[in-house]
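> kindly return the folded structure for what I paste below:
(one chain, ligands or ions: 2)
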Amino acid sequence: MNGHRMSGHNDLLVTGAAVHGGESADVLVRDGRVVAVGPDATGAATETDLERVDADGLVLLPGFVDLHTHLREPGREDAETVRSGSAAAAAGGFTAVLAMANTSPVTDTGEAAEHVLDLGVAAGLADVRPVGAVTKGLEGAELAELGMMHRSRARVRVFSDDGRCVHDARVMRRALEYVRAFDGVVSQHAQDPALAGPGACCHEGEVSGRLGLTGWPAVAESSIIARDAELALHTGSRVHIAHVSTAEGVEAVRWAKRRGARITAEVTPHHLLLTTDLLGSYDPVFKVNPPLRPQEDVDALREALVDGTIDAVATDHAPHARHDKEHAFPDAAFGMLGLETAFSVVHDVMIASGRMDWALLTERMSTAPARIAGLAEHGQHIRPGSPANLVLVDPRAEVTVDPGASLSLSRNTPFAGRTLTGRVRTTILNGRITVADGEVRP
Ligand SMILES: NC(=O)N[C@@H](CC(=O)O)C(=O)O
Ligand SMILES: [Zn+2]
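Numbers count the residues shown, from 1 in each chain. Ligands and ions are numbered 1, 2, ... in the order given. I've put the predicted structure just below:
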């Protein structure tokens, strides 16, 4: 449990917010929970000890949940710490983040998972849940201590070797069999290493030929998705596909769902907006794994996010120190920042364009990721009794992305200078404001 922090106020009264994007109402929060919604909210507030948040024109949603965040602590605290990453998460409207296991040391034991959990509680800015490695040291050979991680205080339920694919089918089968006992899930970085290396650094297609870069093909992704769907059917276990990036990958997930596999999938904001067109600059800020793809893939991903083939948006927030990014394109590190810009990108691409409504955005950014990760205190419908993990967003405000203003320790955002419609205003964790207008609340 997060320690109860005194914010100086017992009650928080959010006035005039469009709750879930619908009717505007007042919402009263007390002791970490929503206690009243609507006309009685104001009356129930204790006048002496009340903080008011004027939310006229703003939309109130359950806080966002990120299934895919890289926090770099322990090991690379120069790129991100649990605290700086949690601050970036809160600034982006996230109340919970799943911290990937590819740290140094790798999160592959119960103690390592508890360490990340404790750092998250100490930072107090987001509910930080460690993802456990599938294999020891992410080596792909021997299963990590999956059961111990689940039975630890961290209660790990999501396992991933992310950054690497669990490519050995026998290992993947064993991992799936193992996690079924506690309704765990394996999140797969779907990419056949035999088709995606060595030296691959961009999408294989017209663009790799034109730029003289080594590419990797869509089939490296879709073939692993198809295999893992078969393994999920065979074992009856849950598999989750991280950062789907291709139309072929989408088709494989669609086919797997039709067959009744227990499969879910995520897409990143950058794969919903950016294309290979940006690579002409050879700017390593656009180097990411999986790579940016052509417009046809982007179109397929948007469609899949609407029709439910893709269940969730996940950021794949991947901070990197300047000296790891400032290389020639083939030698630079893979990865992009994502937490602070995710909502603005998804709002701009999916809501402002009329492709999605607030209910669907809530499902994809809060409800579904909370369900996949088994986080009962997040992604809940806003009503009396629900946990006060909330976000207020301004659908009309524009944001021009300024890397210098980021709360991350890294600066590798691919959206620098872009103007997007839709802005996160205030994030509320356990009834307490964590970030308001980009400023962390002490
Ligand atoms: N996405 C990336 O380009 N990089 C991630 C690893 C990953 O998510 O595959 C990282 O850890 O930097
Ligand atoms: Zn990955």
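
> how about the residues of this structure that lie near ligand 2?
162, 189 (CB under 5 Å from the ion). In this view, the C-beta of every residue, glycine as well, is placed from N, C-alpha and C.

> if we go to 8 Å?
68, 100, 162-163, 189, 191, 242-243, 289-290, 316 (CB under 8 Å from the ion).

> from those, which land in strands?
Judged by DSSP state E, strands contain the following of those: His68.

> ok, and which of the residues of the chain next to ligand 2 reach ligand 1?
Among the residues of the chain next to ligand 2, the ones lying near ligand 1 by CB under 6 Å from any ligand atom are 162-163, 189, 289, 316.

> is the longest helix along the chain up against ligand 1 anywhere?
Longest among the helix segments of the chain by residue count, using DSSP state H, is helix 219-235. No: using CB under 6 Å from any ligand atom, helix 219-235 never reaches ligand 1; the gap is at least 11.8 Å.

> let me have the ones next to ligand 1 among the residues of the chain next to ligand 2 in TSV, adding pLDDT and distance to Glu145 as columns.
Formatted as TSV, those follow (pLDDT from 0 to 100; distance: CB to CB, whole Å):
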residue	pLDDT	distance to Glu145
Asp162	98	18
Gly163	98	19
His189	98	20
Asn289	98	26
Asp316	99	25
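
> could these go into JSON lines alongside neighbour count and distance to Asp277?
Putting those into JSON lines (neighbours: other CB atoms under 10 Å; distance: CB to CB, whole Å) gives the following:
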{"residue": "Asp162", "neighbour count": "25", "distance to Asp277": "27"}
{"residue": "Gly163", "neighbour count": "17", "distance to Asp277": "26"}
{"residue": "His189", "neighbour count": "23", "distance to Asp277": "25"}
{"residue": "Asn289", "neighbour count": "21", "distance to Asp277": "19"}
{"residue": "Asp316", "neighbour count": "30", "distance to Asp277": "20"}
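
> now flag whichever of those is closest to Arg33.
Asp316 (31.4 Å; CB to CB).

> could you dump stretch 265-284 to CSV, C-alpha only?
Extracted as CSV, the C-alpha positions of stretch 265-284 are listed here (Å, rounded to 0.1, in the frame of the first residue of the first chain):
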residue,chain,number,x,y,z
ALA,A,265,-2.2,-6.4,-27.8
GLU,A,266,-0.9,-2.9,-27.5
VAL,A,267,0.1,-0.1,-29.8
THR,A,268,2.3,2.8,-29.0
PRO,A,269,1.4,6.5,-29.7
HIS,A,270,4.5,6.8,-31.9
HIS,A,271,3.4,4.0,-34.1
LEU,A,272,-0.1,5.6,-34.4
LEU,A,273,1.4,8.9,-35.7
LEU,A,274,4.9,8.7,-37.1
THR,A,275,6.0,7.0,-40.3
THR,A,276,9.2,6.0,-42.1
ASP,A,277,9.0,9.4,-43.9
LEU,A,278,10.9,10.9,-41.0
LEU,A,279,14.0,8.7,-41.5
GLY,A,280,15.3,10.8,-44.4
SER,A,281,16.9,13.0,-41.8
TYR,A,282,18.8,10.1,-40.3
ASP,A,283,18.0,11.6,-36.9
PRO,A,284,18.4,8.8,-34.3
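
> gap between stretch 389-404 and the chain center?
Averaging C-alpha positions (CA atoms, centre = their mean, to the nearest Å) puts stretch 389-404 17 Å from its chain's average.

> flag every buried residue along that stretch.
Residues of stretch 389-404 classed as buried by neighbour count (16 or more other CB atoms under 10 Å): 389-395, 399, 401, 403.

> likewise for stretch 196-204?
Buried positions in stretch 196-204, judged by neighbour count with 16+ other CB under 10 Å: 196, 200-204.

> elements contacting the longest helix of the chain?
helix 169-180, strand 185-188, strand 238-241, helix 247-258, strand 263-267 (3 or more CB pairs under 8 Å, 6 or more residues apart in numbering; DSSP states H and E).

> mind putting those into TSV with mean pLDDT and mean neighbour count?
Below are the helices and strands packed on helix 219-235 laid out as TSV (pLDDT from 0 to 100; neighbours: other CB atoms under 10 Å):
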stretch	mean pLDDT	mean neighbour count
helix 169-180	98	19
strand 185-188	99	27
strand 238-241	99	25
helix 247-258	98	21
strand 263-267	99	26
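
> save the ones you listed as a markdown table, and put in distance to Thr309 too.
As requested, these are exported to a markdown table (distance: least, CB to CB, whole Å):
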| stretch | distance to Thr309 |
| --- | --- |
| helix 169-180 | 21 |
| strand 185-188 | 16 |
| strand 238-241 | 10 |
| helix 247-258 | 5 |
| strand 263-267 | 7 |
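
> any idea which residue of the stretch 101-250 of the chain lies closest to ligand 2?
Using CB to the ion, His189 is the residue of the stretch 101-250 of the chain that sits closest to ligand 2, at 3.7 Å.

> mind checking how far that residue is from Val244?
Distance, His189 to Val244, using CB to CB, to the nearest Å: 11 Å.
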